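>>> This is a predicted model, with the sequence first.
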Amino acid sequence: MTPVRRVPLLIPLVLLLLLSAATPVSAESPAPSPAATTPAPSPSPAGAGGTTGATTTLDDSCDEPTPSAAPSPGQTLHPVLCPAEPRGADPVGLLSWLFTPIFQALFLGLVAFYTLFGDIGLAIVALTIVIRLLLVPVFKAQIVSQRRMQLLQPELRALATKYKGDRAKISQEQMRLYKERGVNPASGCLPALLQLILLIPIYSVFSSGLSARNISSMLQVFGFRIIDVQCQSGAATGVEPCIDPAVHWLPAWQLDPVTGPFLNASRPEVLFYVPGIAFGISVLALIAALLQLVQTRMMQPATNDPQVRAQQRIFLILPLFSLIYGALLPAGLFLYWIVTTIFSIVQQYLIAGWGSLFPLFGWTPGFARDHKPRFTVTSVPPPPNGNDDRPPPTRRTAAERAAGTVRPARSGGRNNRRGRRR
């Protein structure tokens, strides 16, 4: 068992640490400046026939914000979505600027599916499936390599027993075995890195992109508008975001001020808060944790080694950490994580079967007995000579044996009688 394949389970924790310092795209909106805001006239005395209305025009440019009066009490001023720009030697600004192209590609794909389906939840599902289809070769190589490493476990244990006490020799022989059988122990690093690179801008897409009132700057590439989006009626005044963040086929456990009884994909989804502490239970986070638990158990090898089984139990606890993020991350991010985990489970089922998922509490269903995966992975047979890297032993010819009269010195340092000085 290799710990490399467990790295994706820790990605949300790393994500939280990174997101606390930077976001790929700056969604800060310039507040209404005095020049762009028409002040409200003073109320006229009673009977004077004056009006008390006021017309406010918001500044939707991506220029540097200028101080202005705050919005009226009870009104949420939604920001303008603007590309991030590097600011001198600021590492956070540089990181945001580097992630902006990835953010824009993901945001354009999400907006395209939103205009097609008219529902942001279906758009998230469709975008996730497209991303996973593009990454099928990478994750396939990871699953195949992990499965072959499981098949090599008996030979690895034999090497550890044969060279017991010599760590350098064991490591050398293991690397030789990996090379002979075409197994890359670090194959899980690339998928984990890709998921981390995608999770950071996807978080910003859901938290910033779905809450912005003006997204026109992110719909243009080199000055050309790629997609035309009809914003909601209240987006121009900053009362509503441009894209409707409501997932109309999932209910909201608490009434949302923007989406009403439907799930808001741009905000955390919380079923209830634990009294006394700022910790909320999210249904989507619970579903994501259970699916990650299934995926982890499917890839664990069957073993009777007590030490390995103890490590496996620790790895089964890691998916439960997703429950901590439920009240912190947007619901759209959990929806993306649920779909991508289901996709991974299906891919693992086709390549490696049910793995070690069953028996579950001593129960094995009929469909899991003697099941063979659709694309069976077999171990690469050893080379014909056993060790292709080592040169074959050389044998001395008859002439060389007749001419070789001087024997090498013994390891103890004693000189041979024939070679001793008289």
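All right, it came through fine.
>>> Model confidence for Pro330, exactly?
Looking at Pro330, its pLDDT stands at 94.
>>> can you tell me the helix or strand for the closest residue to it other than its chain neighbours?
Spatial nearest neighbour of Pro330, excluding adjacent residues (C-beta to C-beta, 6 or more residues apart in numbering): Phe206 at 4.2 Å. Just so you know, the C-beta spots here come from the backbone N, C-alpha and C atoms, and that holds for glycine as well. Take DSSP states H and E as the rule and Phe206 turns out to sit in helix 189-207.
>>> tell me, what residue is most central in the protein?
Geometric centre of the chain, nearest residue: Gln195, 3.1 Å, by C-alpha atoms, centre = their mean.
>>> gap between that one and Ser216?
30 Å (C-beta to C-beta, to the nearest Å).
>>> Equivalent analysis for Ser266, please.
According to C-beta to C-beta, Ser266 stands 18 Å off from Ser216.
>>> In terms of neighbours, single out the busier of the two.
Between Ser266 and Ser216, Ser266 has the larger neighbour count (other C-beta atoms under 10 Å), namely 24 against 16.
>>> where do the strands sit along the stretch 251-400 of the chain?
Along the stretch 251-400 of the chain, counting by DSSP state E, counting those that start in this stretch, strands occupy 260-264, 272-273, 280-281.
>>> Would you point to the one among those that's packed deepest?
strand 260-264 (a mean of 19; mean count of other C-beta atoms under 10 Å).
>>> which other helices and strands contact that strand?
Applying 3 or more C-beta pairs under 8 Å, 6 or more residues apart in numbering; DSSP states H and E, we find strand 260-264 packed against strand 246-256.
>>> Please spell out which residues along the strand it packs on are buried.
Using 16 or more other C-beta atoms under 10 Å as the test for burial, strand 246-256 gives Ala246, Val247, Leu250, Ala252, Asp256.
>>> helices and strands around it, which ones?
Here strand 246-256 touches helix 120-134, strand 260-264, going by 3+ C-beta pairs under 8 Å, 6+ apart.
>>> now what about the last one, what contacts it?
Defining contact as C-beta atoms under 8 Å, 6 or more residues apart in numbering, one finds that strand 260-264 is touched by 121, 245-248, 250-252, 255-256, 258, 269, 331.
>>> Would you mark the buried spots in stretch 290-298?
Of all the residues in stretch 290-298, those buried under the rule 16+ other C-beta under 10 Å are Leu291, Gln292, Leu293, Val294, Gln295, Thr296, Arg297, Met298.
>>> And those residues, which is closest to Asp228?
If you rank these by distance to Asp228 using C-beta to C-beta, Leu291 comes first, at 36.3 Å.
>>> Tell me how far that closest one lies from Pro319.
8 Å.
>>> before we move on, what about Phe107?
As judged by C-beta to C-beta, Phe107 and Pro319 stand 28 Å apart.
>>> Ok, Cys62 next?
Distance of Cys62 to Pro319, given as C-beta to C-beta: 40 Å.
>>> can you pull the buried residues of stretch 349-368?
Neighbour-count burial for stretch 349-368, counted by 16+ other C-beta under 10 Å, picks out Tyr349, Ile351, Ala352, Gly353, Trp354, Gly355, Ser356, Leu357, Phe358.
>>> Just the CA trace of it, in PDB.
C-alpha atoms of stretch 349-368 as PDB (Å, rounded to 0.1, in the frame of the first residue of the first chain):
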ATOM      1  CA  TYR A 349     -15.000  -0.100 -10.500                       C
ATOM      2  CA  LEU A 350     -14.400  -0.500 -14.200                       C
ATOM      3  CA  ILE A 351     -10.600  -1.000 -13.800                       C
ATOM      4  CA  ALA A 352     -10.100  -2.600 -10.300                       C
ATOM      5  CA  GLY A 353     -13.600  -3.800  -9.400                       C
ATOM      6  CA  TRP A 354     -15.100  -3.600  -5.900                       C
ATOM      7  CA  GLY A 355     -11.600  -4.000  -4.400                       C
ATOM      8  CA  SER A 356     -11.700  -4.300  -0.700                       C
ATOM      9  CA  LEU A 357     -15.200  -2.700  -0.300                       C
ATOM     10  CA  PHE A 358     -16.700  -6.000   0.600                       C
ATOM     11  CA  PRO A 359     -17.300  -7.800   2.900                       C
ATOM     12  CA  LEU A 360     -18.900  -4.800   4.700                       C
ATOM     13  CA  PHE A 361     -19.500  -5.700   8.400                       C
ATOM     14  CA  GLY A 362     -19.300  -9.300   7.400                       C
ATOM     15  CA  TRP A 363     -21.800  -9.000   4.500                       C
ATOM     16  CA  THR A 364     -21.000  -9.600   0.900                       C
ATOM     17  CA  PRO A 365     -23.800  -9.000  -1.700                       C
ATOM     18  CA  GLY A 366     -24.300 -11.500  -4.500                       C
ATOM     19  CA  PHE A 367     -23.300  -9.100  -7.200                       C
ATOM     20  CA  ALA A 368     -19.900  -8.600  -5.600                       C
END
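>>> contacting residues around it?
Contacts of stretch 349-368 (C-beta under 8 Å, 6+ apart): 140, 143-144, 146-147, 294, 297-302, 348, 371-375, 377.
>>> Average pLDDT for that stretch, rounded please.
Stretch 349-368 shows a mean pLDDT of 86.
>>> just stretch 221-228 next, same as before
The model assigns stretch 221-228 a mean pLDDT of 90.
>>> what bits of this protein have low per-residue confidence?
1-61, 63-76, 88-89, 302-303, 384-422 (pLDDT under 70).
>>> Which helix runs longest in it?
In the chain, with assignment by DSSP state H, the single longest helix is helix 91-117.
>>> How much space separates Arg132 from Leu196?
15 Å.
>>> sorry, that was for Gly121
Relative to Leu196, Gly121 is positioned 24 Å away (C-beta to C-beta).
>>> So which of these two has more stuff around it?
Using other C-beta under 10 Å, the more surrounded residue of Gly121 and Leu196 is Gly121, with 21 against 17.
>>> who's in contact with the more buried one?
Taking C-beta under 8 Å, 6+ apart, one finds Val247, His248, Trp249, Leu250, Leu263, Ala265, Leu335 in contact with Gly121.
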